[in-house]
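Asker: just the structure for this:
(one chain, ligands or ions: 1)
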Amino acid sequence: MKKLIDLISEEVTKAFVSEGYDAKYGKVTLSNRPDLCEFQCNGAMAAAKEYKCAPFMISDKIAAALSGCGLFESVESVKPGFLNIKISGEYLADIMNGMIADEGRYGCEKAENPLTIIVDYGGPNVAKPLHVGHLRSAVIGESVKRIAKFMGHNVIGDVHLGDWGLQMGLIITELKERKPDLVYFDPDYTGEYPKEAPFTISELEDIYPTASGKSKQDAVFKEAALLATKELQGGRRGYQALLSHIMNVSVTDLKRNYENLNVHFELWKGESDAQPYVPEMVQMMKDKGYAYMSEGALVVDVKEDTDTKEIPPCIILKSDGASLYSTTDLATLVMRMKENNPDRVIYLADARQSMHFIQVFRCAKKTGIVPETTELKHIGFGTMNGKDGKPFKTRDGGVMRLEYLLKEIDDEMLAKIKENQKEKENLDIDPKEAEKTAKTVALAAIKYGDLSNQASKDYVFDIERFTSFEGNTGPYILYTIVRIKSILSKYQAKGGTIEGLSDAICPAKNAGQKNLMLSLAKFNATIENAYEESAPHKICAYIYELANAFNGFYHDTKILAEENDKLQKSYIALLVLTKEVLETCIDMLGFSAPDRM
Ligand code: ARG
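Answerer: Predicted structure coming up:
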């Protein structure tokens, strides 16, 4: 289905052309004076310069040419030369009926040429618990992925685990101090290793920070960890067996945590999966003359003539021959081109990593790892701050574990929902259902709180505001959906049916109804735009507008008490469409609505 704004533009453009003016003047935009009109065209103002006449002479002619066109209720020419446009109620009702008939898509067409898109998000580090710093990557990445999927693309989400480097050596070294008799440390052992890991997740989560702390103070310990890392990467059997235990225990825990966030990855690859590609990649860069030695390190120049700031060379190997973060990301691209041949790779990582990605992307293109046709894109997100404007911390100033944060919000939500139930004397709710509802609403609160901000900006994580049932919040959106569900089930309880509603929507009877329809009609344009700009916040802004439009309609219109069957059916169809559009949108944001709250 074409976008409404384009349909209107086409019609107005035709009028400009038929009156002898250039087509470029026919562009129509949303009105910035909604009190006066719904759409506007300022083309006559610009055309007046080219055709050397007063703007209103042109706008008068266009308005006259458009009078009688079935698309419009009115096209007014106002001085000095604006066109104020209102769309016809019949036409808008037709669009609504078309949206209902287009189930699941609601007028939004799938991409004609589906792309293969990899979304690299999550990025947790093995053996370290998830903390709030990981929240944004997971939440925004999941939404960016779902939006692209909805547009019909072939999208692959990869968690890209941080499972390579010194942290593994640190864990092995600390484990050796705690349990020196484990068979993994016996270099002469040739038998099979136990299936059971020699530690639990909570031990593992204690081992890593202890080891990391020691390595900063104890040079001998650090030396041992470096050696263990080297031996592990060199293939020492016992260490490899430990690595797979570390991975299993940690990944099981990570999966559980991401599951709770309704975040799901198609691929659970890690930095270590890219390592086999490093030697050949480095050789290629040397052979083709891109890589050269500078101050002991192997580097590739990536600066360009048009740069306005200094872009340092991309370091491929350190002076001791070890690979770095950039080496791993480049080798991962080699692997991805070979395994998935993507048209686009999108990375979700802290905005402070932007220089890293500029270097990696330029190096990958320059050395031919990635063809010119593959787009590489870093979505850098800002920091999640506390109310004090500083990075979010626990009450005692530590790094907040994601699990605890979620629990805190779940509990707060549960208390709120219980109170809400009490107020409405709706005391029959089952405690299990209340708990489940609290989790659903809490997740919406957190995700909407994050996603409603432009990703690149810092934002304040304000639990109180996020969990409010009023204002621009996740719970408000859910509340609107729940309200619609409740009206629909009352209607059904009285024998009404919500099936077979095609062609049921009649032209709006009042401003509130028309406003809701206009808002619904923007669905396809909004989603396309959110996809093109990888911008979930545009969907948030849209559903907030739509929820407000619905609540305005609900306020102005009696629905269940309406006696005219045809009209009532029209309202019910509008409710169903609003509910489905809202639900489709929140699914793209990565959360869902309960049946009641
Ligand atoms: N593990 C990294 C970190 O904790 C994030 C990884 C981002 N993705 C990437 N391909 N570099 O900072």
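
Asker: any idea how far D350 is from the residue in the stretch 51-200 of the chain that the ligand sits nearest to?
Answerer: Of all residues in the stretch 51-200 of the chain, G123 sits closest to the ligand, at 3.1 Å by C-beta to the nearest ligand atom. Placement of C-beta: from N, CA and C, glycine included. According to C-beta to C-beta, to the nearest Å, G123 and D350 sit 9 Å apart.

Asker: likewise Y21?
Answerer: According to C-beta to C-beta, Y21 and D350 sit 50 Å apart.

Asker: pick out whichever of those two has more residues nearby.
Answerer: Each of Y21 and D350 has its neighbours counted (other C-beta atoms under 10 Å); Y21 has more, 20 against 16.

Asker: skipping adjacent residues, who's closest to that one in space?
Answerer: With C-beta to C-beta, 6 or more residues apart in numbering as the criterion, Y21 has its nearest non-adjacent residue at 5.3 Å, and that residue is A47.

Asker: secondary structure element holding the residue positioned nearest the centre of the chain?
Answerer: Centroid-nearest residue in the chain, with C-alpha atoms, centre = their mean: S143, separated by 2.7 Å. Element membership for S143 (DSSP states H and E) is helix 135-150.

Asker: show residues contacting that helix.
Answerer: 108, 117, 119-123, 155, 157, 258, 261-264, 346, 348-350, 379, 381, 384, 402, 405, 446-447, 450-451, 455, 527, 530-531, 534, 536, 539, 584, 587-590 (C-beta atoms under 8 Å, 6 or more residues apart in numbering).

Asker: ok, stretch 213-230 next?
Answerer: Stretch 213-230 has contacts (C-beta under 8 Å, 6+ apart) with G165, L166, M168, G169, L170, I172, T173, E174, K176, A211, Y239.

Asker: for stretch 363-374, same thing?
Answerer: The contact list for stretch 363-374 (C-beta under 8 Å, 6+ apart) reads 281, 284-285, 288, 290, 300, 302, 314, 316, 326, 330, 333-334, 337, 342-345, 376.

Asker: mind running it again at 6 Å?
Answerer: The contact list for stretch 363-374 (C-beta atoms under 6 Å, 6 or more residues apart in numbering) reads M285, Y290, V300, V302, C314, L330, L333, V334.

Asker: okay, and the beta partners of the residue in the stretch 201-350 of the chain positioned nearest to the ligand?
Answerer: Nearest to the ligand in the stretch 201-350 of the chain, going by C-beta to the nearest ligand atom, is A349, at a distance of 4.1 Å. Applying DSSP bridges to A349 gives these bridge partners: G380.

Asker: count the residues that sit near it.
Answerer: If you count neighbours by other C-beta under 10 Å, A349 ends up with 21.

Asker: tell me the bridge partners for V78.
Answerer: Assessed by DSSP bridges, V78 has beta-bridge partners F82.

Asker: which residues touch H131?
Answerer: V399, R401, L402.

Asker: with G552 instead?
Answerer: Here G552 is in contact with G512 (C-beta under 6 Å, 6+ apart).

Asker: one more: I477?
Answerer: Residues in contact with I477 (C-beta under 6 Å, 6+ apart) are I543, A547.

Asker: go again with 7 Å.
Answerer: By C-beta atoms under 7 Å, 6 or more residues apart in numbering, the contact set of I477 is Y448, I543, A547, L582, I586.

Asker: ok so, going back, and the gap between the residue of the stretch 51-200 of the chain closest to the ligand and T332?
Answerer: Counting by C-beta to C-beta, the gap from G123 to T332 is 12 Å.

Asker: and for C108?
Answerer: 32 Å.

Asker: between those two, who's got more neighbours?
Answerer: Ranked by neighbour count (other C-beta under 10 Å), C108 and T332 place T332 first, with 25 against 22.

Asker: now do the same for the more buried one: its pLDDT.
Answerer: With respect to pLDDT, T332 scores 98.

Asker: setting the sequence-adjacent residues aside, check what's closest to it.
Answerer: Among residues not flanking T332 along the chain, A274 sits closest, at 4.1 Å (C-beta to C-beta, 6+ apart).

Asker: helix, strand, or coil at V75?
Answerer: Classification of V75 using DSSP: H, G, I helix; E, B strand; the rest coil returns strand.

Asker: residues contacting it?
Answerer: Contact analysis of V75 by C-beta under 7 Å, 6+ apart lists A63, L66, S67, L83, I85.

Asker: quick check: the first one touching N84?
Answerer: No: in this structure A63 lies outside contact range of N84 using C-beta atoms under 7 Å: 9.0 Å.

Asker: mutual contacts of those two, please.
Answerer: By the contact definition C-beta under 7 Å, 6+ apart, A63 and N84 are jointly contacted by E76.
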